[in-house]
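>>> Next input, structure requested:
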Amino acid sequence: MNMLKIACGTDIIEVARIEKSIANTNGRFIKEIYTEKEIEYCESKGQSKYEHYAARFAAKEAIFKAISQFLQNKYDVSWQNVQIINSEKGRPYIEFINTEFSQIKSIDISLSHIKEYAIANVALLYEPY
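Residues are numbered from 1 along each chain as shown. Have a look, this model is predicted:
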């Protein structure tokens, strides 16, 4: 019987960097990085939308760090294969789209942001093969 192991990933990003990327790419950056549900959520946040975009960017980076050991190539998973959405109670959670990691038994995420920075932390339990 295999014991479960823990993997984690953390990322922090400057909100201004994400705002600049969005402003300077004429929508290309948003369409490349975020899913429709993520865009809808962030755009609903008014003046603080860039903090929410930054938090989801950091989340995707943190997820990539946590799952990197399961990938043959870092390009096996794209930005669009990972979606961060919120439960009815507002708690963020991760959905994998068109990709599966059967070894992951549980995954959790925490996001935080202020005007200048956004941070994400991901922890997962997995069964080593």
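>>> all helices of the chain, in order?
With helices called from DSSP state H, the chain shows them at 15-24, 28-33, 36-43, 49-67.
>>> from those, which stretch is densest packed?
Comparing these on average neighbours per residue, with mean count of other CB atoms under 10 Å, the densest one is helix 49-67 at a mean of 23. Where you see a C-beta, it was placed from the backbone N, CA and C, and this is true even at glycine.
>>> name the helices or strands packed onto that one?
The contact analysis (3 or more CB pairs under 8 Å, 6 or more residues apart in numbering; DSSP states H and E) places helix 49-67 against strand 5-14, helix 15-24, helix 28-33, helix 36-43, strand 82-86, strand 92-96, strand 104-113, strand 117-126.
>>> Mind checking the pLDDT average for it?
Here helix 49-67 scores 97 as its mean pLDDT.
>>> Kindly reformat the helices and strands packed on helix 49-67 as CSV containing mean pLDDT.
Formatted as CSV, these follow (pLDDT from 0 to 100):
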stretch, mean pLDDT
strand 5-14, 97
helix 15-24, 97
helix 28-33, 96
helix 36-43, 97
strand 82-86, 96
strand 92-96, 96
strand 104-113, 97
strand 117-126, 98
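>>> These into TSV, with extra columns for distance to residue 70?
Listed next are these as TSV, based on distance: least, CB to CB, whole Å:
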stretch	distance to residue 70
strand 5-14	9
helix 15-24	27
helix 28-33	21
helix 36-43	23
strand 82-86	13
strand 92-96	11
strand 104-113	8
strand 117-126	8
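>>> Tell me which of those sits nearest to residue 65.
Among those, strand 5-14 comes nearest to residue 65, with 3.1 Å by CB to CB.
>>> Now do that closest one: everything it contacts.
When contacts are defined by CB atoms under 8 Å, 6 or more residues apart in numbering, strand 5-14 is touched by residues 54, 57-59, 61-69, 116-128.
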